[in-house]
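>>> Kindly generate the corresponding structure for this input.
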Amino acid sequence: MQNEKKVREPLFHIAKRPAIAWHKAWGIRALSILAALIFAGIVAMALTGENPLAIYATMIKGCFSSERRIWMLLQTLVMLLCVSLAVTPAFKMHFWNIGAEGQVLIGGLATAACMIYFGDKLPPWLLIIVMVICSMAAGAIWALIPAIFKAKFNTNETLFTLMMNYVGIQLVSYFVIVWENPKGSGHVGVINQVSQAGWLPTIGNQKYMLSVIVVLALTVFMYIYLKYSKHGYELTVVGESENTARYIGVNVNKVIIRTMLLSGAICGIAGLLLVGGTDHTISTTTAGGRGFTAIMVSWLAKFNPLYMIATSFLLAFFERGASEISTIFHLDQAFSDIISGIILFFIIGSEFFINYQIKFTKPAKEVK
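Prediction:
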């Protein structure tokens, strides 16, 4: 009598999905957002007893109910977009630049230094030019350090750039004490509050308009740079295969250094816009975590600067809306973080279904 054996196979397996049309990919993302809103609404109702529709209406109201709030939403959007544009060339090259937070801080620190030391010594137009040059140079140099070590010694850029964040924070902490006003307060205060020397000009009585214009120009530039320029082609090839890049004559080390200089310079511009354009002060929280959130924006947009406008808007909306929820319903800030976290989890999870598919295994036949 022969023993009967069954061939056991897994119920399902995960397979790489062939490339799908862009509209299908965005359809999956839209469904994930809808599912996230439903699930977050259930959680909100269970924890607070509040009507989920009222909560979402509050989010919309917090972003669009007045001209001032719309401009604040735009400011949040463009500053996040600016840092996202900065990290994108490095990510596309597969250089994991986790140091945008520090590069923005150092750019802002250079801007603040120019305002403090040259505010009463240079004419306004020359002071702003000096601020632009110094902020871009400071951010570029801060990004150049890990780039050189990566190019020459093949160090781990993730750990190196992350470490540079903490060095940047400590540098800012030191100068905050040096420049604190009034002494003993532990903060710099508004720089040149009376003379407004070094304050970036307002356009149409809107202090955020200049940031919007600059970042939109950077978006167009970065799209053209990555898609149509020789430099954009070279960094893409380096990202796909360094050996292939070397074979076709691309200087990999030069591309790494050049790309990180660009990335750091744009982060410096973000620091300039924050310190010279809107905050008019410097602190360890000036970057506001944008350097880390920008990583998610860049990845969700598939390194496409135009798509980053949509992803930046989505995250800016949730940030501003969640803050409004905490204020209106007298809830702890942690609650708004929970709602934002749930929604972001679903959005990130949608990328799995865009890139992979679940295939169920047919029942195996018995083997005798």
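>>> chain center to the lengthiest helix in the chain: distance?
Determined from DSSP state H, the single longest helix within the chain is helix 124-153. Computed by Cα atoms, centre = their mean, to the nearest Å, the chain-centroid distance of helix 124-153 equals 19 Å.
>>> next structured bit after that helix?
Sequence-wise, the next helix or strand downstream of helix 124-153 (DSSP states H and E) is helix 157-179.
>>> Could you check the angle that following helix makes with helix 124-153?
Here helix 157-179 points in a direction 140 degrees away from that of helix 124-153 (axes from the mean of the first three to the mean of the last three Cα atoms, to 10 degrees).
>>> Which strands or helices does the longest helix of the chain pack on?
Helix 124-153 sits against helix 100-118, helix 157-179, helix 252-272, with contacts defined as 3 or more Cβ pairs under 8 Å, 6 or more residues apart in numbering; DSSP states H and E. All C-beta atoms are positioned from the backbone trio N, CA, C, and that covers glycine.
>>> and the helix or strand following the last one, C-alpha only, in CSV?
Once helix 252-272 ends, the next helix or strand along the chain (criterion: DSSP H and E) is helix 290-300. Once non-C-alpha atoms are left out, helix 290-300 reads as follows in CSV (Å, rounded to 0.1, in the frame of the first residue of the first chain):
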residue,chain,number,x,y,z
ARG,A,290,11.1,69.0,6.9
GLY,A,291,14.4,67.2,6.1
PHE,A,292,12.8,63.9,7.2
THR,A,293,9.3,64.5,5.8
ALA,A,294,10.9,65.5,2.5
ILE,A,295,12.2,61.9,2.1
MET,A,296,8.7,60.6,2.0
VAL,A,297,7.6,63.3,-0.4
SER,A,298,10.4,62.5,-2.8
TRP,A,299,9.7,58.7,-2.7
LEU,A,300,6.0,59.0,-3.0
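>>> And the average pLDDT for helix 290-300 is what?
For helix 290-300, mean pLDDT rounds to 91.
>>> And the contacts of it?
Defining contact as Cβ atoms under 8 Å, 6 or more residues apart in numbering, one finds that helix 290-300 is touched by 79-81, 83-84, 86-88, 91, 98-104, 165, 267, 270, 307-308, 311-312, 315, 344, 347-348, 351.
>>> Can you say which of the residues you listed are buried?
79-81, 83-84, 86-88, 91, 98-104, 165, 267, 270, 307-308, 311-312, 315, 344, 347, 351 (16 or more other Cβ atoms under 10 Å).
>>> roughly how far apart are residue 181 and residue 187?
8 Å (Cβ to Cβ, to the nearest Å).
>>> Give me the neighbour count for residue 145.
16 (other Cβ atoms under 10 Å).
>>> which residues sit in contact with it?
160, 164.
>>> now it: how far from residue 156?
From residue 145 to residue 156 the distance is 14 Å (Cβ to Cβ).
>>> The helices and strands packed on helix 124-153: which one's closest to residue 331?
helix 100-118 (27.7 Å; Cβ to Cβ).
>>> any weak-confidence spans in the stretch 251-368 of the chain?
362-368 (pLDDT under 70).
>>> give the contact list for residue 84.
Shown in contact with residue 84 (Cβ under 8 Å, 6+ apart): 294, 297-298, 301, 308, 311-312.
>>> Can you tell me which of those comes closest to residue 255?
Nearest member of those to residue 255, counting by Cβ to Cβ, is residue 298, at 18.4 Å.
>>> how about the helices and strands packed on helix 124-153 in a markdown table, adding distance to residue 11?
Converted to a markdown table, the helices and strands packed on helix 124-153 look like this (distance: least, Cβ to Cβ, whole Å):
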| stretch | distance to residue 11 |
| --- | --- |
| helix 100-118 | 42 |
| helix 157-179 | 36 |
| helix 252-272 | 45 |
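>>> I'd assumed residue 208 was in contact with residue 71.
Yes. Counting by Cβ atoms under 8 Å, residue 71 does reach residue 208; the two are 5.0 Å apart.
>>> When those two are compared, which one has more neighbours?
residue 208 (23 against 16).
>>> Any figure for the gap between that one and residue 218?
15 Å.
>>> Then residue 190?
On the measure of Cβ to Cβ, residue 190 and residue 218 end up 27 Å apart.
>>> Which one's more surrounded, these two?
More crowded of residue 190 and residue 218, by other Cβ under 10 Å: residue 218, with 20 against 13.
>>> For the closest residue to the more buried one other than its chain neighbours, grab the count of nearby residues.
Among residues not flanking residue 218 along the chain, residue 85 sits closest, at 5.5 Å (Cβ to Cβ, 6 or more residues apart in numbering). Residue 85 sits with 29 neighbouring residues when counted by other Cβ under 10 Å.
>>> what about residue 85, helix or strand, and which?
Per DSSP H and E: helix 67-92 holds residue 85.
>>> got the angle for that helix vs helix 252-272?
170 degrees.
>>> relative to helix 100-118, how tilted is helix 67-92?
Helix 67-92 and helix 100-118 are oriented at 120 degrees to each other (the same axes, to 10 degrees).
>>> so how far is helix 67-92 from its chain's centroid?
The answer for helix 67-92 is 7 Å, by Cα atoms, centre = their mean.
>>> angle of that helix against helix 290-300?
Using the same axes, to 10 degrees, helix 67-92 lies at 70 degrees relative to helix 290-300.
>>> Averaged pLDDT, helix 67-92. What do you get?
Computed over helix 67-92, the average pLDDT equals 95.
>>> So what's the residue count around residue 46?
Neighbour tally, residue 46, other Cβ under 10 Å: 8.
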